[in-house]
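Undergrad: Build me a structure from this.
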Amino acid sequence: MTVSIIIAVYNAEKYLQRCLESVLGQTYRDIEVIAVDDCSTDGSLQVLQRYAERDDRMKVLRMERNSGAPAARNKAMTVSRGELMSTVDADDAISPDAIEKAVRIFEANPTVDIVTYDLVRVSNVTNEEIPQQNKNPRIPRRMTGKEACYWTILWDIPGLDVVRTSLEKRFFAETQYGQYGDETTTHIVFYHAREVVLGEGKYYYYQNPESYTNAISIKRFELLECRQSLRRQLVELGADERIIRRLDRKRWGELMSMCDLYRRYRDRFTPEEQKVLWGRMSETYDTFRFRDLPLSLSLMPFRAMMPSFSLFYRQQMMKLTIKEYVLRFRNSLHI
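TA: So this is what the prediction gives:
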């Protein structure tokens, strides 16, 4: 049972050795590693080529132009030949027995389509593991794909996994939303899985302050459109209302985060970009059915009752400004 491990690479030179050593050092040897360089401007391609020269299980591809991780992974999928597939980020790593543990589950359970990794968060600064909250005891170790989709919405279970290639290749990643297109595809793949098992192989997720999702950029706001796309797809699939409401809860929280990001860094965007971002936030606001949001989200302090996004945003900014003044006043008392 060959496992294809896909790595999308962009300017990850200082992390690549850690990633490649963990992947090529797997106790399960029947793997192929497909690394796709997305037109890196550092020495990433040279690092990949050195490893490929040393290990014939590794193949290096290169994008013609910088297109983002989802497009790079799609390219790798078209040439993959494994019966199982996994994706590892270029700045992350997996435990030596991660693939072996997953394969054992697949071999013993022909109706299982996905085996998740056991996610371990690690600081890229201190290289120390970040303590995790207790896992939700309500989540079963084995469940249907639709049940798993529900739990992935808020990432109660990780979207990092080993999956049957026949399922994964039915849903190539969306590329129009930058990095976030992968997340949409992950939820949809889980939804279509027959069964999902929570595995024990460790995936070391390094918290990188320089990552795409931490950058102050107009691309961060693509998240809002990406979530709307996911909602449309789930509705078209006839997904349970529990999944839709859970997604709306997530979207509402992300809209709040984007509003605050816009408030704090507005001056970094050009007038044209500000217009685009305002339009994205306003369009997202108009998609909510506020009666379906939990009261804790929609009625504190009556923030979802505004008839337009403009009024809502002004209210939110006033609230945040007052909160900041209160914090400054409290801090001044301790000087």
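Undergrad: Please, where are all the helices along the chain?
TA: For the chain, the helices defined by DSSP state H cover 13-24, 44-54, 69-79, 98-108, 145-152, 165-168, 181-192, 222-236, 241-265, 271-285, 295-298, 309-333.
Undergrad: ranking those helices by mean pLDDT, which is last?
TA: Among the helices of the chain, helix 295-298 carries the lowest mean pLDDT, at a mean of 51.
Undergrad: returning to that earlier point: out of the helices of the chain, which is closest to residue 92?
TA: helix 13-24 (6.2 Å; Cβ to Cβ). Glycine gets a C-beta too; all of them are placed from N, C-alpha and C.
Undergrad: coming back round to it: got the helices of the chain as a markdown table, with mean neighbour count and distance to residue 5 columns?
TA: Below are the helices of the chain laid out as a markdown table (neighbours: other Cβ atoms under 10 Å; distance: least, Cβ to Cβ, whole Å):
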| stretch | mean neighbour count | distance to residue 5 |
| --- | --- | --- |
| helix 13-24 | 19 | 5 |
| helix 44-54 | 17 | 13 |
| helix 69-79 | 21 | 9 |
| helix 98-108 | 19 | 8 |
| helix 145-152 | 22 | 21 |
| helix 165-168 | 18 | 12 |
| helix 181-192 | 22 | 15 |
| helix 222-236 | 18 | 25 |
| helix 241-265 | 16 | 29 |
| helix 271-285 | 15 | 35 |
| helix 295-298 | 12 | 39 |
| helix 309-333 | 12 | 43 |
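Undergrad: so which of the ones you listed comes closest to residue 174?
TA: Of the helices of the chain, nearest to residue 174 by Cβ to Cβ is helix 181-192, at 3.5 Å.
Undergrad: Between the helices of the chain, which one is closest to residue 122.
TA: Here helix 13-24 is closest among the helices of the chain (Cβ to Cβ), at 10.3 Å.
Undergrad: List the contacts of the closest one.
TA: 5, 7, 9, 12, 31, 33, 35, 40, 42-44, 47-48, 51, 55, 57-58, 88-96, 124, 204, 206, 208 (Cβ atoms under 8 Å, 6 or more residues apart in numbering).
Undergrad: Just those: which are in strands?
TA: 5, 7, 9, 31, 33, 35, 58, 93-94, 204, 206 (DSSP state E).
Undergrad: any idea how far the residue lying closest to residue 287 once chain neighbours are set aside lies from residue 149?
TA: Of all residues not flanking residue 287 in the chain, residue 228 sits nearest, at 6.2 Å (Cβ to Cβ, 6 or more residues apart in numbering). Noted for residue 228: a distance of 17 Å to residue 149, by Cβ to Cβ, to the nearest Å.
Undergrad: Among the ones in strands among the contacts of helix 13-24, which has the minimum pLDDT value?
TA: Among the ones in strands among the contacts of helix 13-24, residue 206 has the lowest pLDDT, at 93.
Undergrad: Pull the number of nearby residues for the nearest residue to it once chain neighbours are set aside.
TA: Leaving aside its chain neighbours, residue 206 sits nearest to residue 124 (4.5 Å; criterion: Cβ to Cβ, 6+ apart). Counted with other Cβ atoms under 10 Å, the neighbours of residue 124 add up to 16.
Undergrad: can you check residue 95 too?
TA: Residue 95: 20 neighbours (other Cβ under 10 Å).
Undergrad: can I assume it is in contact with residue 201?
TA: Yes. Between residue 95 and residue 201 there is a contact under Cβ atoms under 8 Å: 5.8 Å.
Undergrad: Quick check: residue 146 touching residue 237?
TA: No. Counting by Cβ under 8 Å, residue 146 does not reach residue 237; the two are 9.4 Å apart.
Undergrad: What subset of the contacts of helix 13-24 is buried?
TA: The neighbour count (16 or more other Cβ atoms under 10 Å) marks 5, 7, 9, 12, 31, 33, 35, 40, 44, 47-48, 51, 57-58, 88-96, 124, 204, 206, 208 as buried among the contacts of helix 13-24.
Undergrad: hmm, back to that, any chance of the helices of the chain in TSV, plus distance to residue 116?
TA: Output for these, formatted as TSV (distance: least, Cβ to Cβ, whole Å):
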stretch	distance to residue 116
helix 13-24	17
helix 44-54	27
helix 69-79	18
helix 98-108	9
helix 145-152	8
helix 165-168	14
helix 181-192	9
helix 222-236	19
helix 241-265	18
helix 271-285	29
helix 295-298	28
helix 309-333	36
